[in-house]
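1. Build me a model:
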Amino acid sequence: MTKKGTDSWTYAFVRALGAFCSRLPLDKALVLGVFASRFAFYFSKRRRVAYAELKSAFGSRYSPAQRRRIIREHFAHIGQTVIEMMRFPKLSRQFIEDYVSIHHVERFYEAIGEKKGVILLTAHFGNWELLQIISGVLGKPIHVLARDQKHNRLNVFLNQLRESHGSVAISRGMGIRDLLRALRRQELIGVVGDQDAGKCEGVIIPFFGRKTTVPVGAFELARRTGSPVLPCFIVRLASGRHEIFVEEPFRVAPEGDQNFEREARQFIGKSEHFIEKFPSQWLWASKRWKHSWTKRLLILSDGKPGHVKQSEALAFQMKSVTAQYGRPGMEYPTETLEVYFKSRWHKMLFPFFATAFIPWAQGKLHWLRHFFKKETYQALYNASADFVISCGASLTPLNLCLARECRAKSIVLMKPSFPFNLFDYDLAVIPAHDKGIMPTEAFRTLLTPSLKDQEAFEESAQKIQAHLRNRKQVRLAVFLGGPTRRYRMDLEDIQKLMEILEILSGSFGDYLLTTSRRTPEAATRFLKNGKPHFKGCQMLVIHSEDKRPEVVPGMMALADILIVTEDSISMISEAVSAGKKVIVLSLGTQGLPRKHERFREILARESAVVVAELKDLEQKVIHIDQHVRPRAIFEQESEALRRRLQEIL
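-> Alright, predicted model coming up:
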């Protein structure tokens, strides 16, 4: 159907609805509005927006069942508001006496008595459209700033309803001049001041804990005319009754701060008060935080340090975006949630369950209690975020469930396993060595995301250098991994490695060495017992005994050459990202996964690393400049990823 045809049908339907509702008794007309709202609730996608916004604003104050009840009541409230608007032409002073009570009405008349015009400021709360009708019936018509509808004939009809008792509907844009003229004629104007002010307008302040834009046009008009700003809020009661609260007026000094942040904070504070008391009567389905300078990050952790580091590195990249739309003030509250399944079997079964559950996850997270330990389930149940970040296949289904619950953006690192590689993500950061079917929004990288914070590296170096006998003598840092699945390391190879390192220390330079959580116990025992004999080892860190976070970055900052065993893709990426010369040491006997081999081959082809075996390790250390020509791979990929993140922010 054409736009013109849609406009005609919409206008005809609304006009007929208005005529029908005007002929019904008020109570029956309101019942019709509630009935229609029930129908709309089950077919409108807006209920999902409202649910997520309600959870974001109030956190765990309400259970999912209570949120759904509030949203149903909200839809019923909107249905009744529409019915009441259709009946505007027949409202009378008797209606006000019977159905409306006004608190502090004297403030209203005192403001009028100042003869400077009055700016009535309200929120999308209660039946805000009814406020100007009541004022008109009381003999004080208002010039109201109204948002234009996309259907022209419908827009004209709605404005006719607004103007049925003497008020004047004014469109945005050039209509501001009409408001200014009305104030100078000592008349009343009405403005709704809680809506999104857009990308570039208004002032940025917190609204229910999230920084967003708030319009300040009402305060600018008050500054230019000296008119008082009178906040008013209308609350729906039972049986079609309403209660109006007239608050203390705001006074805006002509020479005051022209960004109006103080006044906007005061008004938003009052709005929050009424919304908290009557949550079903605010316009939750309007995507109020579409332009927000607060991005809440939720990192899901499977307990694997490499995966957590990658997620934290990506979060760090996001935090480097300090402004949007040219306006500074971005903030990124971050929570890391440790995920523990009840058992290995629950972990295996969850992906099968999640495949069918994800589309219906919002409001139904109580099902997760069957798969996760109590502490994890409770944290998941209460979680609210704008971005859900995870690394590792086991967390991908949960990532999608939480993103659905909160209407958050989903970011995954590493290729999701089938069937989740067929799902849509806002961003999937997948290394080039991963093969197979990729998600639509795949961002391919040579390296896995790693944190490169030079200041933090130097700070970590300072913390550990106190334990060294001569920092200037340190040339090598060795990062020893361990077995994974079919991949094995022999104690004899560890012993041979230490012999080579001791030989190098005599002619090349001393070394630092750390194990990982996967290093075999026999190897760690050998290293601990042999420490007195390793003359070139200025520091030996056994991971199971010393988990200081500064060890790895400090070692990378102090050494010139980093030797990393081939089993850890994340550690190799971190070493290359540090901008040092990297040797990937082939130390295992068998079973290295093919993707590890592809990763190693790609980096070697780019001259970002050199691959060595024990038999040629000494020569490759000595002649490393012939094999490795560091390129700005990390900086290039980081900048490309940063641009991509800025797009989705």
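2. got a pLDDT number for S544?
-> pLDDT recorded at S544 is 88.
3. for this protein, what are the low-confidence residue spans?
-> 1-7, 11, 149, 151, 172-175, 256-257, 452-453, 588-590, 629-634 (pLDDT under 70).
4. Centre-most residue in it?
-> The centroid of the chain falls nearest to D386 when counting by Cα atoms, centre = their mean (2.0 Å).
5. show me what contacts it?
-> S292, T294, K295, R296, L297, C406, A408, K409 (Cβ atoms under 8 Å, 6 or more residues apart in numbering). The way it works is simple: take the backbone N, C-alpha and C, and place the C-beta from them, glycine included.
6. what do you get for Y381?
-> Contacts of Y381 (Cβ under 8 Å, 6+ apart): S60, L365, H366, L368.
7. Could you save the contacts of D386 as TSV and add columns showing neighbour count?
-> TSV is the format used below for the contacts of D386 (neighbours: other Cβ atoms under 10 Å):
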residue	neighbour count
S292	22
T294	19
K295	23
R296	21
L297	22
C406	23
A408	24
K409	17
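8. what's the closest of the residues you listed to Q80?
-> For these, the residue nearest Q80 by Cβ to Cβ is C406; the value is 29.0 Å.
9. Name the residues of stretch 62-69 that are buried.
-> Neighbour counts over stretch 62-69 (16 or more other Cβ atoms under 10 Å) mark Y62, P64, R67, R68 as buried.
10. And for the residue nearest to the second one when sequence neighbours are not counted, the neighbour number?
-> Yep, that's P64 we're talking about. Distances taken as Cβ to Cβ, 6 or more residues apart in numbering place G363 nearest to P64, at 4.4 Å, with adjacent residues excluded. Using other Cβ atoms under 10 Å, G363 has 19 neighbouring residues.
11. again, but for the one 10 residues further on
-> Other residues near K373 number 16, with proximity taken as other Cβ under 10 Å.
12. same thing with R605?
-> The burial count for R605: 10, using other Cβ under 10 Å.
13. so what's the backbone phi/psi at it?
-> For R605, the backbone dihedrals are phi -60, psi -30 (criterion: degrees, to the nearest 10).
14. how much space between it and H433?
-> Distance, R605 to H433, using Cβ to Cβ, to the nearest Å: 12 Å.
15. Flag every buried residue along stretch 466-474.
-> In stretch 466-474, counting by 16+ other Cβ under 10 Å, buried: L468, V474.
16. Kindly apply the preceding question to stretch 540-553 instead.
-> L540, V541, I542, H543, E550, V551, V552, P553.
17. Helix or strand: which one has A218?
-> helix 217-225 (DSSP states H and E).
18. name the helices or strands packed onto that helix?
-> strand 118-122, helix 175-184, strand 188-192, strand 229-236 (3 or more Cβ pairs under 8 Å, 6 or more residues apart in numbering; DSSP states H and E).
19. report the angle between the axes of it and strand 188-192?
-> 150 degrees (axes from the mean of the first three to the mean of the last three Cα atoms, to 10 degrees).
20. which other residues reach helix 217-225?
-> 116-117, 119, 121, 176, 179-180, 183-184, 189, 191, 193, 227-229, 250-254, 256, 258, 260, 263-264.
21. Just the buried ones out of the residues you listed, please.
-> Buried among the contacts of helix 217-225 by 16+ other Cβ under 10 Å: 116-117, 119, 121, 179-180, 183, 189, 191, 193, 227-229, 250, 252, 260, 263-264.
22. for the longest helix anywhere in the chain, packing partners?
-> Longest helix in the chain by number of residues (criterion: DSSP state H): helix 64-86. Packed against helix 64-86 by the contact rule (3+ Cβ pairs under 8 Å, 6+ apart) you find helix 3-23, helix 26-43, helix 46-58, helix 128-137, helix 152-162.
23. Flag every buried residue along it.
-> 64, 67-68, 70-86.
24. Alpha carbons only: can I get it in PDB?
-> Taking C-alpha atoms only, helix 64-86 is exported to PDB below (Å, rounded to 0.1, in the frame of the first residue of the first chain):
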ATOM      1  CA  PRO A  64      11.000 -11.200  35.600                       C
ATOM      2  CA  ALA A  65       7.400 -11.900  36.500                       C
ATOM      3  CA  GLN A  66       7.000  -8.500  38.100                       C
ATOM      4  CA  ARG A  67       8.600  -6.800  35.100                       C
ATOM      5  CA  ARG A  68       6.200  -8.500  32.700                       C
ATOM      6  CA  ARG A  69       3.300  -7.500  34.900                       C
ATOM      7  CA  ILE A  70       4.500  -3.800  34.900                       C
ATOM      8  CA  ILE A  71       4.900  -3.900  31.100                       C
ATOM      9  CA  ARG A  72       1.300  -5.300  30.700                       C
ATOM     10  CA  GLU A  73       0.100  -2.600  33.000                       C
ATOM     11  CA  HIS A  74       2.000  -0.100  31.000                       C
ATOM     12  CA  PHE A  75       0.400  -1.200  27.800                       C
ATOM     13  CA  ALA A  76      -3.000  -1.000  29.500                       C
ATOM     14  CA  HIS A  77      -2.200   2.500  30.600                       C
ATOM     15  CA  ILE A  78      -1.300   3.500  27.000                       C
ATOM     16  CA  GLY A  79      -4.500   2.000  25.800                       C
ATOM     17  CA  GLN A  80      -6.500   4.000  28.300                       C
ATOM     18  CA  THR A  81      -4.500   7.200  27.400                       C
ATOM     19  CA  VAL A  82      -5.400   6.800  23.700                       C
ATOM     20  CA  ILE A  83      -9.100   6.300  24.600                       C
ATOM     21  CA  GLU A  84      -9.100   9.400  26.800                       C
ATOM     22  CA  MET A  85      -7.400  11.400  24.100                       C
ATOM     23  CA  MET A  86     -10.200  10.400  21.700                       C
END
